[in-house]
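>>> sequence and predicted structure, then a few things I'm wondering about:
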Amino acid sequence: MMEKFLQQSMDTDEKFYRFEEQRLKIEDKRREAEHARELQMLQMLGQMLAGISSTVSQRSQSIPTSPPRRANHRSYADNFNYNAMTATLSPPIVIERSFSLHRTHTLKDMENIFQLVRNVIPPLTGKRHKGQDGRIGIVGGCREYTGAPYFAAITALKVGADLSHVFCTKDAATVIKSYSPELIVHPVLDSPNAIHEVEKWLPRLHSVVIGPGLGRDEVLLETAKGIIEKSKVKGIPIIIDADGLWLISQQPSLIQGYQRAILTPNYMEFSRLYEAMLRDPVDSSDHHGCVLRLSQAMGNLTVVQKGERDLISDGEKVLVCSHEGSSRRCGGQGDLLSGSLGVLAHWAFVAGAEKTNGQNPFLVAAFGACSLTRQSNHQAFQKFGRSMTASDMVSEVGTAFNKLFET
Ligand SMILES: NC(=O)C1=CN([C@@H]2O[C@H](COP(=O)(O)OP(=O)(O)OC[C@H]3O[C@@H](n4cnc5c(N)ncnc54)[C@H](OP(=O)(O)O)[C@@H]3O)[C@@H](O)[C@H]2O)[C@@H](O)CC1
Ligand SMILES: Nc1ncnc2c1ncn2[C@@H]1O[C@H](COP(=O)(O)OP(=O)(O)OP(=O)(O)O)[C@@H](O)[C@H]1O
């Protein structure tokens with residue numbers, strides 16, 4: 001009976017998406033025209049600012065704050081034609097410095113980054129339709145672990161995604177559905193043509209989070225590998241967490257150099273990856289250097305090293321998120337982080353260079369997700385103390401988000 005229910009639910013989804021695809025095409029055309037207008041205005045603005053920027057640029061060249069920009073940095077915004085805009089506008093010097101946080105960072109620097117996060121959040125207006133603010137896919141959930149994909153997927157919705165899909169094994173699907181009617185659950189990961197089953201959905205997804213509750217079964221890891229490869233071909237932002245990171249530590253080339261990927265290792269996962277890539281143990285006296293080096297070794301993709309302070313690097317800069325959380329370390333906190341990052345990575349990616357002041361959107365997204373996770377932790381701990389669990393944190397996501405980004 002449950003299978004029949006799941007089939008019906010998939011059929012309904014299928015129908016909905018056919019209609020939605022039509023609507024999206026129309027909406028895309030409208031947005032393209034809008035972007036062209038914006039671009040024209042920005043080019044005019046760029047010309048006006050050209051005189052001022054050349055003076056500031058000359059001054060900034062004497063300040064050795066960060067390594068040179070990656071040659072392909074602009075590719076983040078290619079889809080949206082922002083490369084023309086960044087070529088016209090001068091580099092955002094002030095924010096550039098505030099991002100160079102490997103030595104010192106002030107409250108003002110932090111506020112600048114918070115502001116960039118606020119910039120990428122899509123406004124709530126009556127003009128948008130279901131799906132536009134984010135369709136996120138979570139790949140994970142097996143017989144042992146059903147909580148992790150649930151936490152990630154529900155957090156994505158609470159942050160503001162419109163639709164959250166979980167791709168899990170058959171065993172896990174009914175359980176995850178029973179936690180929440182809000183989630184769309186696909187019991188496909190252990191089916192014979194699992195990769196194809198997930199691939200069908202990829203054109204409709206804005207980002208994928210791979211790993212929460214995936215487990216380490218060889219067949220499932222092979223499927224995850226196939227999904228990563230298909231997602232890369234489509235240029236979808238990929239967040240890799242938990243057992244997804246186990247896979248990457250075995251086969252780093254799978255994601256190496258794909259700069260639309262964000263890795264979110266905890267202490268153990270970081271050590272595994274670092275040793276696999278750098279052939280050295282982690283230097284516990286130089287956390288900043290280690291996260292920077294790992295990102296570089298992976299081809300400058302974004303690495304979020306979770307811990308007492310979250311360190312975020314794209315191989316050029318290191319951001320530190322030490323927003324107050326709590327001393328409670330219940331399982332599932334990393335799943336909230338990866339789920340929220342799924343949404344924020346999409347928002348930052350499509351927001352365009354002017355909203356992130358030309359900075360790597362995934363750094364901005366990661367800083368937002370870390371702050372949000374820690375704020376949710378802090379609020380839940382205030383209420384529940386030692387009995388606080390990840391579900392209590394999920395209940396705080398909405399108010400934490402408002403407090404950080406909408407006040
Ligand atoms: N409700 C659910 O369904 C949940 C399911 N989850 C899912 O579980 C799966 C496995 O994930 P994982 O994190 O347990 O595996 P892994 O990385 O091998 O760590 C294992 C060992 O590493 C150590 N260790 C960890 N942190 C450390 C630190 N900071 N500092 C020092 N040591 C540290 C620690 O070792 P110990 O202290 O026991 O010696 C720990 O036992 C994965 O799919 C995940 O998504 C979770 O999301 C939770 C909620
Ligand atoms: N020692 C700490 N002090 C304060 N906050 C921490 C500490 N360690 C982790 N955190 C917070 O918890 C978040 C998740 O980190 P954690 O190391 O628990 O991930 P994880 O092990 O992958 O989680 P999960 O249990 O979901 O697998 C971090 O982003 C950070 O906000």
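The structure has been received and is ready for your questions. Numbering: from 1, shown residues only. Ligands and ions are numbered 1, 2, ... in the order given.

>>> can you pull out the strands in the stretch 301-407 of the chain?
302-305, 310-313, 318-321 (DSSP state E, counting those that start in this stretch).

>>> pick the most deeply packed of these.
Comparing these by mean neighbour count (mean count of other Cβ atoms under 10 Å), strand 302-305 ranks first with a mean of 28. (Each C-beta comes from the backbone N, C-alpha and C, glycine too.)

>>> of the strands of the stretch 301-407 of the chain, which is nearest ligand 2?
Closest to ligand 2 of the strands of the stretch 301-407 of the chain is strand 310-313 (Cβ to the nearest ligand atom; 4.8 Å).

>>> find the nearest non-adjacent residue to whichever residue of the chain sits closest to ligand 1, please.
Residue nearest to ligand 1 within the chain (Cβ to the nearest ligand atom): Gly147, separated by 2.5 Å. Excluding its sequence neighbours, the residue lying closest to Gly147 (Cβ to Cβ, 6 or more residues apart in numbering) is Gly332, at 6.0 Å.

>>> low-confidence ranges in the stretch 101-250 of the chain?
Flagging of the stretch 101-250 of the chain using pLDDT under 70 yields the residue ranges 101-108.

>>> so the residue nearest to Gly147 touches Ala148, yeah?
Yes: with contact defined as Cβ atoms under 8 Å, Gly332 reaches Ala148; the gap is 6.7 Å.

>>> spell out which residues of the protein are next to ligand 2.
Residues of the chain lying near ligand 2 by Cβ under 6 Å from any ligand atom: 242, 266, 306-308, 310, 325, 329, 331-335, 337, 370, 373-374.

>>> pull out the buried members of those.
242, 266, 306, 310, 325, 332-335, 337, 370, 373-374 (16 or more other Cβ atoms under 10 Å).

>>> out of the strands of the stretch 301-407 of the chain, flag the one nearest Val343.
strand 302-305 (14.9 Å; Cβ to Cβ).

>>> tell me which stretches of the stretch 51-200 of the chain form strands.
Along the stretch 51-200 of the chain, counting by DSSP E, counting those that start in this stretch, strands occupy 135-139, 163-168, 184-187.

>>> turn those strands into JSON lines, including mean neighbour count and distance to Asn300.
Below are the strands of the stretch 51-200 of the chain laid out as JSON lines (neighbours: other Cβ atoms under 10 Å; distance: least, Cβ to Cβ, whole Å):
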{"stretch": "strand 135-139", "mean neighbour count": "30", "distance to Asn300": "24"}
{"stretch": "strand 163-168", "mean neighbour count": "28", "distance to Asn300": "28"}
{"stretch": "strand 184-187", "mean neighbour count": "23", "distance to Asn300": "32"}
